[in-house]
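*Asks:* Need a 3D model of the following:
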Amino acid sequence: MRAKAALLVALLVLGPLPAVAQSEQMDEAIDISRMLLNPPEGVDLAYGAFQRGYYLTALRLAERRAGQGDAVAQTLIAEIYANGLGVAQDIPRAISWYNQADQNGDVQATFQLALIYQSGTGVTQNRQRAARLFQKAAEAGHAAAKYNMGLLHVEGEFAEPNLVRAAQLIGEAAEAGLPEAQYDFAVMLLEGAGVAPDTERALELLALSASEGLADAQVEYATLLYMGALGERDATAAAGWYARAAEQGNPVGQARYAMMLAAGEGVPADIETAAMYRDLARRQGLSDSNLDNVIRGADPDVRARGEERARYWPGVPPSQEPAPTAPTSEEDDTLDQPLPDMLDTLPPEISEMMGGED
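*Replies:* Just a heads-up that it's a prediction; the model follows:
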């Protein structure tokens, strides 16, 4: 049995590598061993390995179950091949597995197939087939499928043009917590498109979507806060949300945050950072003549520093990099740590996967 444990570690630790890399991979080997040998109750071993990034292990664990018709395992294999995780990307092979999983009732496989045909990734684009698959997954309760089906109703080409139905589906996806749906449904509520106007609920959904990191929602929410949609104009909160969007590279957020920085409105004045974000927004095709005039009148040295930061964003210019720290003489002794005793006892399914008897 010790030989099987050694083989398991050998598959996970590839050498020769530098000491730090060896230590990291040894940690991974121990982590996966613990997960395989003593999984928490109810944890799917293949999915657990996948979540930890041990894709080849996940693939081996899923293959046997997939051959027995396990739809979830089939979808997991399809995900690995579709994204080239630990293996060469193979879209046709992924589609084959997704099809099997779809036929066996896995709604996630149905949705992924719809995305593939919608985009034409690795296959001839077929948006009509994608619409049928989105509809199937939506009827099974898949939130993202409902959202995409709602968008198709808005578009009106591969589904019936119907704003009311679109609002219903997008609203259901929003209630399920999908940030993109929360943002789009909030806009529909603000405009009364397919649904009765409800500014209060729209603001709630925008706040949720913005908190989840959706830059468009952050910009929209900031704008409404700045305009006083909650009763009082809140420039400080608006600047904070514009800043989040700007940090994500959203050009509207960058331009508006730059203006607030330049004016010192809702945030301490900072011409240098304003110049940086102004340049970043302009690179994406968004210019603001008022902002340009403010930056143009700034101290040339301050403006130049901001423009230099823009050239290196999201990093920092060499002139602003911290001085390197002196290397320590301490040696990493993690490689001397013994493997856990539990490697002595592999469960039957892992033993069989690793190649039979000693």
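*Asks:* Grab the most central residue of this protein for me.
*Replies:* Per CA atoms, centre = their mean, the C-alpha nearest to the average position across the chain is that of Gly213, at 9.9 Å.
*Asks:* Gln248 is in contact with that one, correct?
*Replies:* Yes: Gly213 is within contact range of Gln248, at 7.3 Å (criterion: CB atoms under 8 Å). Using the backbone N, CA and C atoms, a C-beta is placed for each residue, glycine as well.
*Asks:* ok, back up a step: mind checking which helix or strand the residue nearest to the centre of the chain is in?
*Replies:* Under DSSP states H and E, no helix or strand contains Gly213.
*Asks:* Kindly report the same for Gly53.
*Replies:* Using DSSP H and E, no element contains Gly53; it sits outside every helix and strand.
*Asks:* From Glu220, how far out is it?
*Replies:* Distance of Gly53 to Glu220, given as CB to CB, to the nearest Å: 35 Å.
*Asks:* Between the two, which is the more surrounded one?
*Replies:* Between Gly53 and Glu220, counting by other CB atoms under 10 Å, Glu220 is the more crowded of the two (23 against 13).
*Asks:* for the spatially closest residue to Gly156 that is not a sequence neighbour, what are its contacts?
*Replies:* Nearest in space to Gly156, with sequence neighbours left out and distances taken as CB to CB, 6 or more residues apart in numbering, is Asn162 at 7.7 Å. Asn162 makes contact with 153, 156, 194 under the criterion CB atoms under 8 Å, 6 or more residues apart in numbering.
*Asks:* quick check, nearest of those residues to Tyr98?
*Replies:* His153 (24.5 Å; CB to CB).
*Asks:* and the residue lying closest to that closest one once chain neighbours are set aside, how many neighbours?
*Replies:* Nearest residue to His153, sequence neighbours excluded (CB to CB, 6+ apart): Ala166, at 3.8 Å. Using other CB under 10 Å, Ala166 has 27 other residues around it.
*Asks:* pretty sure Ala166 is touching Val154, no?
*Replies:* Yes: if you go by CB under 8 Å, Ala166 and Val154 touch, sitting 4.7 Å apart.
*Asks:* Name the helix or strand for the residue nearest to His153, please.
*Replies:* Assigned by DSSP H and E, Ala166 belongs to helix 163-175.
*Asks:* Pick the one among the contacts of Asn162 closest to Ala109.
*Replies:* Ala109 has its nearest neighbour among those in His153, at 23.3 Å by CB to CB.
*Asks:* So which other helices or strands are in contact with the host helix or strand of the closest one?
*Replies:* His153 belongs to helix 143-155 when assigned by DSSP H and E. Using 3 or more CB pairs under 8 Å, 6 or more residues apart in numbering; DSSP states H and E, the elements in contact with helix 143-155 are helix 107-119, helix 127-139, helix 163-175, helix 179-191.
*Asks:* Mind putting those into a markdown table with mean pLDDT and distance to Gly306?
*Replies:* Compiled in a markdown table, the helices and strands packed on helix 143-155 are given as follows (pLDDT from 0 to 100; distance: least, CB to CB, whole Å):
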| stretch | mean pLDDT | distance to Gly306 |
| --- | --- | --- |
| helix 107-119 | 97 | 38 |
| helix 127-139 | 98 | 45 |
| helix 163-175 | 98 | 38 |
| helix 179-191 | 98 | 30 |
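*Asks:* need those in TSV with distance to Arg233, can you?
*Replies:* Shown next, in TSV, are those (distance: least, CB to CB, whole Å):
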stretch	distance to Arg233
helix 107-119	41
helix 127-139	40
helix 163-175	27
helix 179-191	18
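*Asks:* for those, which one sits closest to Leu280?
*Replies:* Taking the helices and strands packed on helix 143-155 one by one with CB to CB, helix 179-191 is closest: 22.5 Å.
*Asks:* Can you give me the buried ones in the helix or strand just after the closest one?
*Replies:* Once helix 179-191 ends, the next helix or strand along the chain (criterion: DSSP H and E) is helix 199-211. Buried residues in helix 199-211, defined by neighbour count with 16 or more other CB atoms under 10 Å: 201-203, 205-210.
*Asks:* Only the buried residues of the following helix or strand past helix 199-211, if you could.
*Replies:* For helix 199-211, the succeeding helix or strand toward the C-terminus, using DSSP H and E, is helix 215-227. Residues of helix 215-227 classed as buried: 215-226 (neighbour count, 16+ other CB under 10 Å).
*Asks:* Then stretch 187-194?
*Replies:* 187-190, 193-194.
*Asks:* Tell me who's in contact with the residue nearest to His153.
*Replies:* 150-151, 153-154, 188, 194.
*Asks:* got it, and Tyr117?
*Replies:* Residues in contact with Tyr117 (CB under 8 Å, 6+ apart) are 123, 125-127, 129-130, 133.
*Asks:* separation between it and Asn99?
*Replies:* 11 Å.
*Asks:* now Arg201
*Replies:* Relative to Asn99, and taking CB to CB, Arg201 is found at 40 Å.
*Asks:* In TSV: the buried residues of helix 199-211, plus distance to Gln103 and pLDDT.
*Replies:* Output for those, formatted as TSV (distance: CB to CB, whole Å; pLDDT from 0 to 100):
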residue	distance to Gln103	pLDDT
Arg201	40	97
Ala202	40	98
Leu203	43	97
Leu205	36	98
Leu206	40	98
Ala207	41	98
Leu208	36	98
Ser209	35	98
Ala210	39	98
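*Asks:* what would those look like in CSV with distance to Val302?
*Replies:* CSV is the format used below for the buried residues of helix 199-211 (distance: CB to CB, whole Å):
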residue, distance to Val302
Arg201, 44
Ala202, 39
Leu203, 37
Leu205, 40
Leu206, 34
Ala207, 35
Leu208, 38
Ser209, 35
Ala210, 31
